[in-house]
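**Q** when you get a sec, could you give me coordinates for this:
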Amino acid sequence: MKKIYLLSLAIAFMFSINTFGQTLNNLCNTSFPFCTGITYNNPAGVNSGSGQTGPNYMCLGSEPNPAWYYLLIDQPGNISIDIHTVPQHDIDFICWGPFTSNTTPCTSQLTGVGSPGSHWSGGNPHPADMGGYPAGNTIDCSYNSSFQEWCYIPNAMTGQYYIFLITNYSNTACNIIFNQTNAGQAGAGITHCGPVANVMGNFFFDENNNGIREITESGIAGGLVYAPSCGFYTQSNNVGNYSAYICSAPDTVWSYFYQPYTTITPAFYELSSSTSSANFAVSVTPGIYDVSTTLTNYTPARPGFDYLAMLTVSNVGTEQDCGTLTLNYDTIFDYISSTPPADIITNNTLTWNNICVPVFQTSNFNLQFHLDSTTALSLPYTFTSNFLSLQNDTNILNNSDTIAGITVGSFDPNDKQVTPEGEISNNAAASEQELEYTIRFQNTGTYQATTVTITDILSGWLQIPTFTILSSSHPCTYDISGQGNLQIIFNNINLQPVSTNEPGSHGFVKFKIKCKPTLANGGNVYNTANIFFDYNQAIVTNTTLTYTKLLTTNIHVEKEKTKSINIEPNPAIDIVKINFDYSGKEALNIEVIDNLGKIVLKQLISNNQESINLNVSNLSAGTYMIHIFGKNYSVNEKLIKQ
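**A** Numbers count the residues shown, from 1 in each chain. Below is the predicted model:
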């Protein structure tokens, strides 16, 4: 019950994205489309305001952290939507319709008739289980304390719009997951998510900075376009081409390219009709020297076994850079080899001289060490890399990298790691903290694996456009679709089985991605990967967690100051006196609702009345919600019946 209160220019990895930005749909006229066949997994708003003034929110006693969506019906029928949270926290919803537009109704048509109260179903609802809805333009509404809600739209007709609001009553960090559950069933409706207008174009490297693609200028993979009316991204392919669309006109199509020292012209297009020439020119700032190093261990430090690591040197600047590369390794390890070989080996330091890295290219150095069988467990160790440029390096902070770990005994060879792990500060999240993920795998079978595929659902707390591969043990490609469904493929990896070649049985991929600044309000970034060796069943990794604690601001406090309710006695046996501060002239309704959402007692309250005696002696022992409401008034409180 409730109480109110990018990729390098030269890398040809390709992917397409369909993911909602989670801070843009907090108003009705900026609602996102809801599409049949898609399961949405979005971080809930926390301390992100309340529902706008104007709509009649019917059963909702409050509208904290609103997220608005609309449905455009393509094929007629019933629409059943399951809404739940992970972890489990209290959410609510309301749905209005039908309308002829997704924006015009926002000003005055989100209304309702009567007072059917809160409708909640413990399972998939149907026309016989609608709790008094539809009620005028309000199709369904629930203010239950459950973590799971069901919205049902009966007899939706082609061309009609429905407006759908989800609120995070708990004001607690969680993910809201929702989808149409009756899709494909007899009598089910289908929403329209197709284009109003097609948008095609090209991202290209604008060498002469004139904004026009010349025949000698190459296309760029990794450019993103974003259409707010649809709410998803599309990325350019390996020759720079992309094909997207807008869901309403006019719309602003934005461009992104996640690569330092670059500029995109134009930043956006205002479009009302189809076009095939929405091109984006990418220019780079000349004279930038910037080399980064990345260290990754793709085996653990186990006494008696080899320790494998990779040192990746990347030129993220705009000029070829040369310099000296060094690796300091811990004294508990015995050095075996490196590819390419080090020029100097002395005092646990490997040195490579005259290392030159072309613009937007990477160089990998494979490292093999051995850990003596007598080495103690839980012993800390450190590896440190550094690139010393012959030029004036623009960003020396990324020249070095470190592996810090401990020796272990038995282990799971297929795992996932994140840095930073555990709690991060709210300020770090507000500054869009980068998270580094490493997925390690080993072929423990009896025959080589031709293909290794990794699938991973990226958290809704992460910024999809900032995804960047840092390093991998073998060449790979990847694809991102839906709301962050990542697939990494190692084709023709021919990974050897552990029984034949233990060092050659290991592999890894490491990537980085920024968190959304809204994580600063509190949230949990969970991540788990699935690893497939050829056509075998998935090996599921451990789940990583990076999180921030919830800020203490309570968005319900202001409402508590203006609307209060007091029940005496509470717990109660028979007669309770309910006091509430109401100065309006209209009559009110009072409902008693059990923990299944069923209205078990209902009574009219005369106007100018600020208290009422209620006989609850016939109610079973348990917890109930007292809901007092009218057209412009709503207040709730918990009642315990003994």
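
**Q** can we go C-alpha only for contacts and neighbour counts from here?
**A** OK.

**Q** which residues of the stretch 501-642 of the chain fall in helices?
**A** 557-562 (DSSP state H, counting those that start in this stretch).

**Q** now do the same contact list for residue 391.
**A** 289, 321, 322, 323 (Cα atoms under 8 Å, 6 or more residues apart in numbering).

**Q** quick one: the third one is in a helix?
**A** No - read with DSSP: H, G, I helix; E, B strand; the rest coil, residue 322 is strand and lies in no helix.

**Q** one step back: who wins for neighbours among the contacts of residue 391?
**A** Ranked by neighbour count (other Cα atoms under 10 Å), those have residue 321 at the top, with 24 neighbours.

**Q** who's in contact with it?
**A** Applying Cα under 8 Å, 6+ apart, we find residue 321 in contact with 289, 290, 291, 315, 356, 357, 358, 359, 389, 390, 391.

**Q** coming back round to it: would you turn the contacts of residue 391 into JSON lines with distance to residue 490 and pLDDT?
**A** Conversion of the contacts of residue 391 to JSON lines gives the following (distance: Cα to Cα, whole Å; pLDDT from 0 to 100):
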{"residue": "289", "distance to residue 490": "31", "pLDDT": "96"}
{"residue": "321", "distance to residue 490": "29", "pLDDT": "94"}
{"residue": "322", "distance to residue 490": "30", "pLDDT": "95"}
{"residue": "323", "distance to residue 490": "31", "pLDDT": "96"}
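
**Q** got TSV for these, with distance to residue 204 too?
**A** Output for those, formatted as TSV (distance: Cα to Cα, whole Å):
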residue	distance to residue 204
289	22
321	23
322	27
323	30
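
**Q** let me know the closest of those to residue 297.
**A** residue 323 (23.6 Å; Cα to Cα).

**Q** residues touching the closest one, list them.
**A** By Cα under 8 Å, 6+ apart, the neighbours of residue 323 are 353, 354, 355, 356, 387, 388, 389, 390, 391.

**Q** ditto for residue 271
**A** Residue 271 neighbours (Cα under 8 Å, 6+ apart): 249, 250, 251, 252, 253.

**Q** point out the least confident one among these.
**A** In terms of pLDDT, the lowest of those is residue 249, showing 74.

**Q** sort out for me which of the contacts of residue 321 are in strands.
**A** Members of those lying in strands (criterion: DSSP state E): 291, 315, 356, 357, 389.

**Q** and the nearest residue to the last one once chain neighbours are set aside, how far from residue 232?
**A** This means residue 389. Take residue 389 and drop its neighbours on the chain: the residue closest to it by Cα to Cα, 6 or more residues apart in numbering is residue 323, 4.2 Å away. Look at residue 323 and residue 232: by Cα to Cα, to the nearest Å, they are 42 Å apart.

**Q** residue 546 too?
**A** Following Cα to Cα, the distance that separates residue 546 from residue 232 is 25 Å.

**Q** looking at the two, which is more packed in?
**A** residue 232 (23 against 18).

**Q** just want the most central residue of the protein.
**A** residue 460 (0.9 Å; Cα atoms, centre = their mean).

**Q** what secondary structure does it sit in?
**A** Classification of residue 460 by three-state DSSP places it in coil.

**Q** is it in contact with residue 44, as I believe?
**A** No - counting by Cα atoms under 8 Å, residue 460 stays clear of residue 44, with 9.1 Å between them.

**Q** mutual contacts of the two, please.
**A** With Cα under 8 Å, 6+ apart, residue 460 and residue 44 have common neighbours residue 175.

**Q** which residues touch residue 601?
**A** 591, 592, 593.

**Q** same thing with residue 28?
**A** 68, 69, 103, 106, 163.

**Q** spit out the contact partners of the second one.
**A** Read it as residue 69. By Cα under 8 Å, 6+ apart, the neighbours of residue 69 are 25, 28, 31, 32, 33, 34, 163, 164, 165.

**Q** and the first one, by the same measure?
**A** When the contact criterion is Cα under 8 Å, 6+ apart, the partners of residue 68 are 25, 26, 27, 28, 30, 31, 32, 163, 164, 165, 166.

**Q** got a pLDDT number for the third one?
**A** By that I understand residue 27. Per the predicted model, pLDDT is 88 at residue 27.

**Q** go ahead and confirm it touches residue 67.
**A** Yes - using Cα under 8 Å, residue 27 is in contact with residue 67, at 7.4 Å.

**Q** who has more neighbours out of those two?
**A** The neighbour count for residue 27 versus residue 67, taken as other Cα under 10 Å, is higher for residue 67 (28 against 18).

**Q** sec struct for that one, please.
**A** strand.

**Q** just checking, it touches residue 25?
**A** Yes - using Cα under 8 Å, residue 67 is in contact with residue 25, at 5.6 Å.

**Q** so who does the residue nearest to residue 502 when sequence neighbours are not counted touch?
**A** In space, and not counting its chain neighbours, residue 502 is closest to residue 496: 7.8 Å by Cα to Cα, 6+ apart. Contacts were defined as Cα under 8 Å, 6+ apart; by that measure residue 496 touches 443, 447, 448, 449, 502, 504, 505.

**Q** cool, and residue 441?
**A** Applying Cα under 8 Å, 6+ apart, the residues near residue 441 are 298, 413, 414, 415, 506, 507, 508, 531.

**Q** returning to that earlier point: tell me which two of the contacts of residue 323 sit farthest apart.
**A** Among those, 353 and 391 lie farthest apart (Cα to Cα), at 14.5 Å.

**Q** picking up where we left off before, which one among the contacts of residue 323 gets closest to residue 219?
**A** residue 356 (24.9 Å).

**Q** how does the protein divide into domains?
**A** With domains defined by automatic domain parsing, the chain comprises 31-191, 202-284, 289-411, 412-552, 563-641.

**Q** what does stretch 522-540 contact?
**A** Here stretch 522-540 has contacts from 46, 172-174, 414, 416, 426, 439, 441, 443, 449-459, 461-462, 541-551, using Cα under 8 Å, 6+ apart.

**Q** filter those residues to the buried ones?
**A** 46, 172-174, 414, 416, 426, 439, 441, 443, 449, 451-459, 461-462, 541, 544-550 (16 or more other Cα atoms under 10 Å).

**Q** picking that back up, of the contacts of residue 323 - the most surrounded one?
**A** Using other Cα under 10 Å as the neighbour test, these are led by residue 387, with 24 neighbours.

**Q** any idea how far residue 234 is from it?
**A** Distance of residue 387 to residue 234, computed by Cα to Cα: 35 Å.

**Q** go on, residue 543?
**A** The value you get for residue 543 to residue 234, if Cα to Cα is used, is 28 Å.

**Q** which residue ranges of the chain form helices?
**A** 426-430, 557-562 (DSSP state H).

**Q** lowest average pLDDT across these?
**A** Among the helices of the chain, helix 557-562 carries the lowest mean pLDDT (a mean of 34).

**Q** ok, back up a step: out of the contacts of residue 601, which sit inside strands?
**A** Judged by DSSP E, the subset of the contacts of residue 601 located in strands is 591, 592, 593.
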